[in-house]
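Engineer: Output the structure for:
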Amino acid sequence: MAEGLLGGVLGGDAEERNDSNQVGPAAFAAAVAANIANQSPEVATKTGAFFDKQIEVLEVQRKTLEAEHKFFAAEWGPRLLGIRLRVAFQVFIALFATVIGVGIAIMIRDAVTSRRVVIEPLRMPATLAARGFDGTITAGAILDELTRLQEATRSSSAALNLSGAWAGNIKLDVPETGISIGEISRMLRERFGHDVHIDGDLVESQQGGLVLTVRGNGVPPRNFSGLGTDLEKIVVQAAEYIYSKSQPSRWAAFLSVTGRNVEAIEFCRTAAASADPAARADLLNDWANALLNTGGSPQEALVLYREAVKLNPDLWRSYTNLMNTFTILGAEEEAWRTGEAMLTASGGRPGRAPEVMFQNLDWLTWNLRAWLDSGLGDAAANAGAGTQAASATLGIADVQMRLHNPDAAELALKTTKEDPRDPTIAAITHFVDGRLAVAAGDVTKAVSELEAFGMAFRDPVVSGNYGGYQCWIAPAEEAAGQHDKADAILKSAGTFVDCYRFRADILDGRGDWPAAQNAYAKAVALAPDLPAAYYSWGGALAKHGDLNGAAAKFSEANKRGPHWADPLKAWGDLLVQQRNFKAALVKYDEAIKYAPDWKQLRETRELVAKQKP
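Structural biologist: Numbering: from 1, shown residues only. The predicted structure follows:
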């Protein structure tokens, strides 16, 4: 019946059913009621009544929905805006709280790690103020002098920051406290930091002069006096005193750099007695440096450096100073062992020790690119001067010369800051210029420059930092036909690998091949873990036609100095003689990695590349 009923209403085919879907509810109900009426009038009446009520309900619902839609449409825009504003405000509060939290964390961290020398404004009587003196200006003058002292100091010892107590105070008040952000930062630093606060007084003496008193935590009070016109001199004295008490190791280094080595020795001797272990280690190291600069005993310096390392096993500059001292003594193998010990202690490279501390090891093993990179980095980070005993640019010139890059070597010399108190500047300038003249075939200039270096080498400051460099004078003298001078230099220079191998080269040049062979063997025995003697011996063997023996020596040199381009090039040249062009190119390409600006190497490589196998 249901099928008949619905079929009657909806029709039997698809087209009619599709049309019925297009009528409204009332028409549909009427159609249903009419159809039922054909079946049963009573049921039709009840059905019609039912549909009428449903139609009324639907109509009410329609009107309600229309009204709600109008209301919702009117209210939704402001409500959505309110929701967005609340979310934005909550996000802002969260971000603001985060910023505040991060700011507080940074302030606390800065306070805990703060290590500064803070100069407070000086107190002075009104009578001086009336004469034009000012406490803040005078304190600023002391700060300026401290800055000058610090900038003139070449030392790897960490420098303290310098500031005036009147500077950097941010005037943002914390609500309802009357305390500024700067004051909060200052209180945190005073509570948790390690700042050295300096204050003092400037008063008139009974004689009408000036008396400046400075004091601070760790800086006992001291008076400095002079005439009324001597304020600048008094400020310098006060600044030096503050520097010596607040940064004793850097003060000792400053004394040495400026040629005041006797003062440095006395200062370190006195200060080390009462210093804590870490500071004592630094002072012992500086004491040994000053001792060598005055021509003192290298053996005594070794004792001081070793004690410094015992007190502070991470005092890497004492390791490198030990290497330097062993080199001065002609014990380069022991210097190399010390470098290997530092390499292990620091956890390799890169490791805990700064790269610049490996320069002596790089010098011994001819690891020239590493030496250059550390020197460039040290110079860039320290106003061109670096942190070592000599100016960083001198080391850069030296290594560029060894890398066969004359233009870069000369530029480094030209950019070295002049300092008449530093004898190493003139000395290494002569040395590098002399070696460049040798490479260019200018024997006359080479002898002139290297002899000038020899004169400068007599200064303990030079000889105490460049052990073995005097050996390089002998080959130039020999090339100029001054055999007696060459022999005298090698006889007096000491037990250096370079002196031994150059002695062998000279003997070979004079036609005494057996004696030369013996000298090469002694050079190797002197420091079997260093590459230079093997390289020179290989070159001599190649010249005498022993190509297999030469290849073996070049291989040994490469094993001990894997980053040195010269043995690789010589090995490649040897392979060219054997017409093994492919293997030669491999050696040349490896050499170019370590001496990329070596013009002759690149030209040779290009010529060999054109050869047929």
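Engineer: any idea what sits nearest Asp508, other than its immediate chain neighbours?
Structural biologist: Ala516 (3.8 Å; C-beta to C-beta, 6 or more residues apart in numbering). For every residue, glycine as well, the C-beta is placed using N, CA and C.
Engineer: in a helix, that's where the one you found is, yeah?
Structural biologist: Yes: using DSSP: H, G, I helix; E, B strand; the rest coil, the secondary structure at Ala516 is a helix.
Engineer: okay but it is in contact with Tyr500, surely?
Structural biologist: No: the pair Ala516 / Tyr500 is not scored as a contact, 11.0 Å apart, by C-beta atoms under 8 Å.
Engineer: So between the two, which is more surrounded?
Structural biologist: Tyr500 (26 against 23; other C-beta atoms under 10 Å).
Engineer: Hmm, the more buried one is touching Ala527, no?
Structural biologist: No: taking contacts as C-beta under 8 Å, Tyr500 lies outside contact range of Ala527: 9.1 Å.
Engineer: Tell me the residues that contact both of these two, please.
Structural biologist: Ala533 (C-beta atoms under 8 Å, 6 or more residues apart in numbering).
Engineer: now the helices: where do they sit in the stretch 101-250 of the chain?
Structural biologist: Per DSSP state H, counting those that start in this stretch, the stretch 101-250 of the chain carries helices over the ranges 126-130, 135-151, 181-192, 231-246, 248-257.
Engineer: Need the ones you listed in TSV (columns: distance to Glu606 and mean pLDDT).
Structural biologist: Below are these laid out as TSV (distance: least, C-beta to C-beta, whole Å; pLDDT from 0 to 100):
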stretch	distance to Glu606	mean pLDDT
helix 126-130	76	85
helix 135-151	47	90
helix 181-192	62	63
helix 231-246	56	93
helix 248-257	46	92
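Engineer: Nearest to Glu478, out of these?
Structural biologist: Nearest to Glu478 among those is helix 248-257 (36.0 Å), distances taken as C-beta to C-beta.
Engineer: Would you mind listing the outside residues contacting that closest one?
Structural biologist: 149-150, 152-155, 157, 159, 240, 243-244, 261, 263-264, 267-268, 271, 275, 279, 282-283, 285-287, 289-290, 293, 389, 421-422.
Engineer: May I see the PyMOL selection of the buried members of the residues you listed?
Structural biologist: The following PyMOL line selects those of the contacts of helix 248-257 that are buried, judged by 16 or more other C-beta atoms under 10 Å:
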select buried, resi 149+150+153+154+155+157+159+240+243+244+261+263+264+267+268+271+275+279+282+283+285+286+287+289+290+293+389+422
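Engineer: got the domain boundaries for the chain?
Structural biologist: 2-91, 116-246 (automatic domain parsing).
Engineer: Mind telling me which of those the model trusts least?
Structural biologist: Note on these: lowest mean pLDDT is at domain 2-91, with a mean of 64.
Engineer: OK, contacts around the nearest residue to Thr424 once chain neighbours are set aside?
Structural biologist: Counting by C-beta to C-beta, 6+ apart, Ala390 is the residue found nearest to Thr424 once chain neighbours are left out, at 4.3 Å. Listed by C-beta under 8 Å, 6+ apart, the contact partners of Ala390 are Asp422, Thr424, Ile425, Ile428, Asn465.
Engineer: Need those residues in JSON lines (columns: distance to Gln359).
Structural biologist: Shown next, in JSON lines, are these (distance: C-beta to C-beta, whole Å):
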{"residue": "Asp422", "distance to Gln359": "18"}
{"residue": "Thr424", "distance to Gln359": "14"}
{"residue": "Ile425", "distance to Gln359": "18"}
{"residue": "Ile428", "distance to Gln359": "14"}
{"residue": "Asn465", "distance to Gln359": "11"}
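Engineer: Which of those ranks first by neighbour count?
Structural biologist: Neighbour-wise, these (other C-beta under 10 Å) top out at Ile428, 26 neighbours.
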